[in-house]
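build the 3D model from these lines:
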Amino acid sequence: MIDRDPSELVPKLGVAPGCKVALAPEIFLLAAPLRLAGCRVVSARAPVPNAALTIIYALSKADVPALAAFAHNLADVSSLWVAVPRRNATVDGLPPPEDRAELADLQAIFVPLGLTDNKLLSFGTMLVAYRFVRKRGSLRAEGGPDADLDLVEEKKRKRKPEERAASRRK
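All right, here's what the predicted structure looks like:
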(Lines give C-alpha, C1' and ligand atoms only; values in the text may rest on other atoms or scores of the structure.)
Protein backbone atom coordinates (compact mmCIF):
# COMPACT_ATOMS: atom_id res chain seq x y z
CA MET A 1 0.00 0.00 0.00
CA ILE A 2 2.98 2.32 0.42
CA ASP A 3 4.31 3.27 -2.99
CA ARG A 4 6.91 5.75 -1.80
CA ASP A 5 10.48 4.90 -0.79
CA PRO A 6 10.12 3.78 2.87
CA SER A 7 13.63 4.96 3.76
CA GLU A 8 12.64 8.57 3.00
CA LEU A 9 9.52 8.28 5.18
CA VAL A 10 11.33 7.20 8.36
CA PRO A 11 12.93 10.59 9.21
CA LYS A 12 9.54 12.29 8.74
CA LEU A 13 7.84 9.95 11.22
CA GLY A 14 9.76 11.45 14.13
CA VAL A 15 11.56 8.33 15.35
CA ALA A 16 14.78 8.18 17.34
CA PRO A 17 17.22 5.31 17.75
CA GLY A 18 16.10 2.93 20.46
CA CYS A 19 12.39 3.75 20.27
CA LYS A 20 9.72 1.09 20.04
CA VAL A 21 7.48 1.29 16.97
CA ALA A 22 4.22 -0.63 16.61
CA LEU A 23 3.27 -1.24 12.97
CA ALA A 24 0.07 -2.53 11.44
CA PRO A 25 0.88 -5.72 9.51
CA GLU A 26 -0.29 -4.10 6.27
CA ILE A 27 2.34 -1.38 6.67
CA PHE A 28 5.23 -3.69 7.56
CA LEU A 29 7.08 -2.38 4.51
CA LEU A 30 8.38 0.30 6.89
CA ALA A 31 9.87 -2.27 9.30
CA ALA A 32 13.29 -2.66 7.63
CA PRO A 33 14.04 1.10 7.35
CA LEU A 34 12.84 1.61 10.93
CA ARG A 35 15.16 -1.14 12.16
CA LEU A 36 18.04 0.44 10.22
CA ALA A 37 17.24 3.69 12.06
CA GLY A 38 17.76 1.82 15.34
CA CYS A 39 14.11 1.24 16.26
CA ARG A 40 12.58 -1.90 17.68
CA VAL A 41 9.56 -2.87 15.57
CA VAL A 42 6.58 -4.84 16.90
CA SER A 43 3.19 -5.73 15.46
CA ALA A 44 0.24 -3.42 16.13
CA ARG A 45 -2.51 -6.02 15.76
CA ALA A 46 -3.56 -4.86 19.22
CA PRO A 47 -2.65 -1.60 21.01
CA VAL A 48 0.91 -1.49 22.33
CA PRO A 49 0.85 0.88 25.34
CA ASN A 50 4.62 1.31 25.67
CA ALA A 51 5.34 2.07 22.00
CA ALA A 52 6.77 5.51 21.26
CA LEU A 53 5.13 5.44 17.84
CA THR A 54 2.20 3.46 16.48
CA ILE A 55 1.33 3.34 12.77
CA ILE A 56 -2.04 1.89 11.82
CA TYR A 57 -4.52 2.37 9.02
CA ALA A 58 -8.25 2.69 8.37
CA LEU A 59 -9.63 2.10 4.90
CA SER A 60 -13.33 2.74 5.50
CA LYS A 61 -15.38 4.86 7.87
CA ALA A 62 -16.53 1.62 9.53
CA ASP A 63 -12.90 0.87 10.55
CA VAL A 64 -12.45 4.11 12.48
CA PRO A 65 -14.38 3.43 15.75
CA ALA A 66 -12.20 0.39 16.46
CA LEU A 67 -9.16 2.69 16.52
CA ALA A 68 -10.33 4.26 19.80
CA ALA A 69 -8.59 1.42 21.66
CA PHE A 70 -5.27 2.62 20.25
CA ALA A 71 -5.98 6.15 21.48
CA HIS A 72 -6.88 4.93 24.98
CA ASN A 73 -3.54 3.12 25.27
CA LEU A 74 -1.45 5.98 23.91
CA ALA A 75 1.08 7.32 26.41
CA ASP A 76 1.55 11.07 26.86
CA VAL A 77 4.84 11.04 24.94
CA SER A 78 3.69 8.68 22.17
CA SER A 79 2.28 9.48 18.79
CA LEU A 80 -0.25 7.65 16.68
CA TRP A 81 -0.07 7.76 12.88
CA VAL A 82 -3.25 6.70 11.07
CA ALA A 83 -3.02 6.09 7.34
CA VAL A 84 -6.17 6.54 5.26
CA PRO A 85 -6.75 6.21 1.51
CA ARG A 86 -6.55 9.31 -0.62
CA ARG A 87 -9.84 10.48 -2.10
CA ASN A 88 -8.57 10.19 -5.66
CA ALA A 89 -6.83 6.80 -5.24
CA THR A 90 -8.12 4.23 -7.72
CA VAL A 91 -6.96 0.81 -6.60
CA ASP A 92 -8.86 -2.44 -6.49
CA GLY A 93 -9.85 -3.33 -2.94
CA LEU A 94 -10.37 0.23 -1.72
CA PRO A 95 -13.90 1.24 -0.74
CA PRO A 96 -15.69 3.84 -2.87
CA PRO A 97 -14.60 7.43 -2.12
CA GLU A 98 -17.74 8.25 -0.13
CA ASP A 99 -17.09 5.30 2.25
CA ARG A 100 -13.37 5.97 2.79
CA ALA A 101 -12.06 7.13 6.13
CA GLU A 102 -11.11 10.81 6.23
CA LEU A 103 -9.51 13.22 8.68
CA ALA A 104 -12.92 14.37 9.96
CA ASP A 105 -13.82 10.77 10.85
CA LEU A 106 -10.56 10.36 12.75
CA GLN A 107 -11.01 13.66 14.57
CA ALA A 108 -14.53 12.67 15.63
CA ILE A 109 -13.06 9.69 17.48
CA PHE A 110 -9.71 11.04 18.73
CA VAL A 111 -10.41 14.66 19.73
CA PRO A 112 -12.92 13.73 22.47
CA LEU A 113 -10.26 11.35 23.83
CA GLY A 114 -7.78 14.23 24.26
CA LEU A 115 -5.78 13.79 21.05
CA THR A 116 -5.08 16.36 18.39
CA ASP A 117 -3.81 15.97 14.84
CA ASN A 118 -0.68 17.96 14.16
CA LYS A 119 1.06 16.51 11.12
CA LEU A 120 0.34 15.05 7.68
CA LEU A 121 2.59 12.67 5.74
CA SER A 122 2.09 11.27 2.25
CA PHE A 123 2.76 7.53 1.99
CA GLY A 124 2.47 7.81 -1.80
CA THR A 125 -0.36 7.94 -4.31
CA MET A 126 -2.68 5.65 -2.32
CA LEU A 127 -2.29 6.59 1.35
CA VAL A 128 -1.89 9.70 3.47
CA ALA A 129 -1.19 9.52 7.21
CA TYR A 130 -2.19 11.86 10.03
CA ARG A 131 -0.30 12.05 13.33
CA PHE A 132 -2.25 12.32 16.56
CA VAL A 133 -0.70 13.22 19.91
CA ARG A 134 -2.01 14.04 23.39
CA LYS A 135 -2.91 17.67 23.87
CA ARG A 136 -0.41 19.34 26.13
CA GLY A 137 -1.70 21.22 29.13
CA SER A 138 -0.43 24.55 30.31
CA LEU A 139 3.27 24.38 31.14
CA ARG A 140 2.95 27.09 33.77
CA ALA A 141 1.75 26.12 37.24
CA GLU A 142 -1.44 27.70 38.48
CA GLY A 143 -0.82 30.52 40.95
CA GLY A 144 2.71 31.45 41.89
CA PRO A 145 4.80 34.50 41.07
CA ASP A 146 3.90 34.66 37.36
CA ALA A 147 0.18 33.98 37.67
CA ASP A 148 -0.59 37.60 36.89
CA LEU A 149 1.42 37.74 33.65
CA ASP A 150 -1.70 36.88 31.68
CA LEU A 151 -3.44 39.90 33.15
CA VAL A 152 -0.96 42.58 32.05
CA GLU A 153 -3.27 44.09 29.44
CA GLU A 154 -6.16 44.12 31.90
CA LYS A 155 -4.02 45.92 34.47
CA LYS A 156 -2.99 48.54 31.90
CA ARG A 157 -6.63 49.31 31.15
CA LYS A 158 -7.40 49.77 34.86
CA ARG A 159 -4.70 52.40 35.37
CA LYS A 160 -5.67 56.02 35.19
CA PRO A 161 -4.66 57.93 32.03
CA GLU A 162 -2.18 60.10 33.95
CA GLU A 163 -0.46 56.98 35.36
CA ARG A 164 -0.11 55.55 31.85
CA ALA A 165 1.36 58.84 30.58
CA ALA A 166 3.85 58.93 33.47
CA SER A 167 5.01 55.37 32.78
CA ARG A 168 5.62 56.22 29.11
CA ARG A 169 7.87 59.17 30.04
CA LYS A 170 10.15 56.98 32.12
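
which strands or helices does the one helix or strand Ile56 maps to pack on?
Using DSSP states H and E, Ile56 maps to strand 53-57. The contact analysis (3 or more C-beta pairs under 8 Å, 6 or more residues apart in numbering; DSSP states H and E) places strand 53-57 against strand 20-23, strand 79-85, strand 127-134. For glycine as for every other residue, the C-beta is placed from the backbone atoms N, C-alpha and C.

need the winner for burial among the ones you listed.
Sort those by mean neighbour count, taking mean count of other C-beta atoms under 10 Å, and strand 79-85 sits at the top with a mean of 24.

which parts of the helix or strand just after that strand are buried?
Later in the chain than strand 79-85, the nearest helix or strand by DSSP H and E is helix 103-110. By neighbour count, with 16 or more other C-beta atoms under 10 Å as the criterion, the buried positions of helix 103-110 are Asp105, Leu106, Gln107, Ile109, Phe110.

strands paired with the strand holding Ile56, and their directions?
Looking at strand 53-57 with DSSP bridges, its partner strands are strand 20-23 (parallel), strand 79-85 (parallel).

contacts for that strand, please.
1, 13-15, 19-24, 26-27, 30, 39, 44, 47-48, 67, 70, 74, 78-84, 127, 129 (C-beta atoms under 8 Å, 6 or more residues apart in numbering).

repeat that for 7 Å
By C-beta atoms under 7 Å, 6 or more residues apart in numbering, the residues outside strand 53-57 that reach it are 13, 15, 19, 21-24, 26-27, 30, 44, 48, 67, 70, 78-84.

coming back round to it: in TSV, list the strands paired with strand 53-57 along with distance to Leu94 and mean pLDDT.
Shown next, in TSV, are the strands paired with strand 53-57 (distance: least, C-beta to C-beta, whole Å; pLDDT from 0 to 100):
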stretch	distance to Leu94	mean pLDDT
strand 20-23	20	95
strand 79-85	5	94
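
for Val91, which of these is the nearest?
Closest to Val91 of the strands paired with strand 53-57, according to C-beta to C-beta: strand 79-85, at 7.9 Å.
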